[in-house]
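Participant: Need a 3D model of the following:
(one chain, ligands or ions: 2)
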Amino acid sequence: MSPPTKIEFAPPREVMRIARMLAGAGHGAWAVGGAIRDTLAGLAPGDWDLTTSARPADMRRIFKRTVPVGIAHGTVGVLGKDGRMYEVTTFRRDVETDGRRARVRFADTIDEDLDRRDFTINAVAWNPLSGELRDPHGGADDLRAGILRTVGDARERFTEDRLRVLRALRFAGRFDLRIDDATWSAVRDAANQLGGLSAERIREELYKVLRVPSPSRSLTLYEQSDVLRELYPELQASVGRPATERSASGDVASGAAVPRDVDSWAHAMRLLEVIPAHKRHVRLAALMHAAGSGAGDTSASAAAARRIMRRLKASNADTDRVMHLVAHHGQLPDPAATAPELRRWIRRVGREFVRDVLRLSAADRIASGVEPIGPELAALCRRLRATLAERAPMGPDELAIDGSDLRDMGLPPGPLYGEILRDLLERVTDDPALNDPETLREIVRGVSQLNKETGT
Ligand code: ATP
Ligand code: MG
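Facilitator: Ligands and ions are numbered 1, 2, ... in the order given. Take a look at the predicted model:
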């Protein structure tokens, strides 16, 4: 193994303090996992996790403020003086596995603990007090060489816990690693045996993939390994299916002509790359819109998106948002739309979705190789922003009067109220200046007078 190049680990002050307190009580303490891997990869580390010879009961004696995060697995949350929580976990080793979750026992050494970890790049520990890097499986070298491999026999490790198959694809994509041959062959063999994984674990993996700056690398591996076929058959169907040519609709603003040689799946992959990582719903919608018939039929895509989100046991709120975006994707208003037409479009799409629909449409253009924001789309965006800023009513409940005003005017309560308010909304959509209580009452009076006279 080549001598480790000098890496500067920069743990939060609290990590040092926690390590010193454990050492003071006679326990070893190591930082391990994501933070060490990310630092070695030259990235800003996320959460710092510690592993120690101390047992949970010891930790709760040593630290004043603890949270029993997962005592059964040996994990105690230690509240730092910085207000953040640090997870400290007792050394563990696998004893028994069922393909879904490994059952673990406490262990006595850091090396045993590293042996049970999934990939070499995740099995590197750093001692904050001595500065020692513990890397028995050569994870730092693998990271430098750009290789992802399991700790120990790949087939065994995937049989122990099938989630590791998905983790392999995620880490390989996130760090742009080549999956080593033995690990890849085991991934492919395990791909059609993911049935036992819970919806929650599958969904959280997908969400984590979508949080990575460049998610298409991992998703391409999903496809190449047949994991896509197994978990997301609706998306698998988009592989090899010609991408829709939306320009045929004559809808100029969204008219991104997808190159003919690009299939729906490849188009979705490009699309994901140009949507910011923190826009999870927009990314989910970009991915899901590849599902469905592919004939530009957004309602088929929305139905497929719902099926997938339900299967993943996603929350209703997430499911609705994603379906709504899929359904409205690529349906921008005509650049020549009048102000009332723009307001009606916003009413249909929903005020809170306007920005995301625009983002998706702009991404679609970039992904299709069309000039990202042409002058027409730019003008449309400006007009939509200005229209949103008018704060014109977008639903009957946003009108300047409501049912109680109608009652005060002596109108008999009933379905008529809904009719009147919907009619007022149409008028106000044509001219938002009408949305003032007196003006609206005036209109209602006029209409009921007319109805009386004509006997309707
Ligand atoms: P990130 O949180 O950035 O996704 P991470 O490596 O911190 O990456 P976690 O899921 O937080 O991932 O797990 C922390 C560490 O625990 C991993 O680095 C790995 O060493 C170990 N680990 C997590 N899940 C498994 C698993 N299913 N099998 C074996 N080891 C695992
Ligand atoms: Mg982590």
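Participant: got the residues of the chain near ligand 1?
Facilitator: When proximity is defined by Cβ under 6 Å from any ligand atom, the chain lies next to ligand 1 at 33-34, 46, 117-118, 122-123, 161, 163-164, 208. From N, CA and C alone the C-beta is placed, and that goes for glycine too.
Participant: and the nearest residue to Leu284 once chain neighbours are set aside, how many neighbours?
Facilitator: By the measure of Cβ to Cβ, 6 or more residues apart in numbering, the closest residue to Leu284 outside its immediate chain neighbours is Val322, 4.7 Å from it. Using other Cβ atoms under 10 Å, the number of residues around Val322 comes to 26.
Participant: for the one 10 residues further on, same thing?
Facilitator: Burial measure for Leu332: 26 neighbouring residues, criterion other Cβ under 10 Å.
Participant: Tell me how far it lies from Glu273.
Facilitator: For Leu332, the distance to Glu273 equals 21 Å [Cβ to Cβ, to the nearest Å].
Participant: quick one on the thing from earlier: could you say which helix or strand holds the residue nearest to Leu284?
Facilitator: Per DSSP states H and E: Val322 is located in helix 316-328.
Participant: In the protein, what residue comes closest to ligand 1?
Facilitator: The shortest separation between the chain and ligand 1 is 2.5 Å, found at Gly34 (distances taken as Cβ to the nearest ligand atom).
Participant: all helices of the stretch 1-150 of the chain, in order?
Facilitator: With DSSP state H, counting those that start in this stretch applied, the stretch 1-150 of the chain shows helices at 13-24, 34-40, 56-62, 110-115, 139-145, listed in chain order.
Participant: Run through who's touching the longest one.
Facilitator: Read that as helix 13-24. Taking Cβ atoms under 8 Å, 6 or more residues apart in numbering as the criterion, the residues outside helix 13-24 that touch it are 28-29, 31, 48, 50, 52, 54, 59, 62-63, 78, 80-82, 84, 86, 88, 127-129.
Participant: And for the second one?
Facilitator: For helix 34-40, contacts defined as Cβ under 8 Å, 6+ apart pick out 7-11, 44-49, 121-122, 124-126, 139-140, 143.
Participant: rerun at 6 Å
Facilitator: Identification of contacts with helix 34-40 by Cβ atoms under 6 Å, 6 or more residues apart in numbering yields 9, 45-46, 48, 121-122, 124, 126, 140, 143.
Participant: how about stretch 314-330: buried residues?
Facilitator: Neighbour counts over stretch 314-330 (16 or more other Cβ atoms under 10 Å) mark 314, 318-319, 321-330 as buried.
Participant: again, but for stretch 221-240
Facilitator: Within stretch 221-240, judged by 16+ other Cβ under 10 Å, the buried ones are 221-223, 225-232, 234-238.
Participant: what's the first-to-last distance across that stretch?
Facilitator: Across stretch 221-240, the terminal residues are separated by 16 Å (Cα to Cα, to the nearest Å).
Participant: And the average pLDDT for it is what?
Facilitator: Stretch 221-240 shows an average pLDDT of 96 in the prediction.
Participant: give me the low-pLDDT residue ranges for the chain?
Facilitator: Low-confidence segments of the chain, defined by pLDDT under 70, span residues 1-5, 96-103, 244-261, 293-296, 371-373, 456.
Participant: ok, now with 80
Facilitator: Applying pLDDT under 80 to the chain flags residues 1-6, 94-104, 244-261, 292-297, 330, 369-374, 450-456.
Participant: Show me the strands in it, by range?
Facilitator: Counting by DSSP state E, residue ranges of the strands within the chain are 29-32, 49-52, 66-70, 75-79, 85-90, 92-97, 102-106, 125-126, 133-134, 147-148, 178-179.
Participant: Let me have those in a markdown table, extended by mean neighbour count.
Facilitator: Converted to a markdown table, the strands of the chain look like this (neighbours: other Cβ atoms under 10 Å):
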| stretch | mean neighbour count |
| --- | --- |
| strand 29-32 | 26 |
| strand 49-52 | 24 |
| strand 66-70 | 14 |
| strand 75-79 | 21 |
| strand 85-90 | 22 |
| strand 92-97 | 15 |
| strand 102-106 | 16 |
| strand 125-126 | 22 |
| strand 133-134 | 18 |
| strand 147-148 | 24 |
| strand 178-179 | 20 |
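Participant: so which of these comes closest to His281?
Facilitator: Of all the strands of the chain, strand 85-90 sits nearest to His281, with 27.4 Å by Cβ to Cβ.
Participant: Without its sequence neighbours, what residue ends up closest to Asp402?
Facilitator: Nearest non-adjacent residue to Asp402, counting by Cβ to Cβ, 6+ apart: Leu421, 7.4 Å away.
Participant: same thing with Glu376?
Facilitator: Of all residues not flanking Glu376 in the chain, Pro335 sits nearest, at 4.5 Å (Cβ to Cβ, 6+ apart).
Participant: Export the helices of the stretch 1-150 of the chain to JSON lines and append columns for distance to Gly455 and mean neighbour count.
Facilitator: Supplementary listing: those in JSON lines, determined by distance: least, Cβ to Cβ, whole Å; neighbours: other Cβ atoms under 10 Å:
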{"stretch": "helix 13-24", "distance to Gly455": "79", "mean neighbour count": "17"}
{"stretch": "helix 34-40", "distance to Gly455": "75", "mean neighbour count": "22"}
{"stretch": "helix 56-62", "distance to Gly455": "81", "mean neighbour count": "17"}
{"stretch": "helix 110-115", "distance to Gly455": "86", "mean neighbour count": "20"}
{"stretch": "helix 139-145", "distance to Gly455": "83", "mean neighbour count": "19"}
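Participant: residues in contact with the residue lying farthest from the centre of the chain?
Facilitator: Among the C-alpha atoms of the chain, the one farthest from their average position, using Cα atoms, centre = their mean, is that of Glu453, at 58.6 Å. Applying Cβ under 6 Å, 6+ apart, one finds that Glu453 lies in contact with no residue.
Participant: quick one: it and Val447, what's the gap?
Facilitator: For Glu453, the distance to Val447 under the criterion Cβ to Cβ works out to 11 Å.
Participant: ok, Ile147 touching Asp181?
Facilitator: No. In this structure, Ile147 sits apart from Asp181 without contact. The criterion is Cβ atoms under 6 Å, and the distance is 9.9 Å.
Participant: State the number of residues packed around Arg365.
Facilitator: Residues lying near Arg365 (other Cβ under 10 Å) number 21.
Participant: What separation do you get for it and Ala154?
Facilitator: The separation that Arg365 has from Ala154, given Cβ to Cβ, amounts to 42 Å.
Participant: what residues are up against Ser218?
Facilitator: Under the criterion of Cβ under 6 Å, 6+ apart, the contact partners of Ser218 comprise 169-170, 173, 209.
Participant: okay, now the closest residue to it other than its chain neighbours: neighbour count?
Facilitator: Counting by Cβ to Cβ, 6+ apart, Ser218 lies nearest to Gly173, which is 2.8 Å off, once chain neighbours are set aside. Neighbours of Gly173 under the rule other Cβ under 10 Å: 22.
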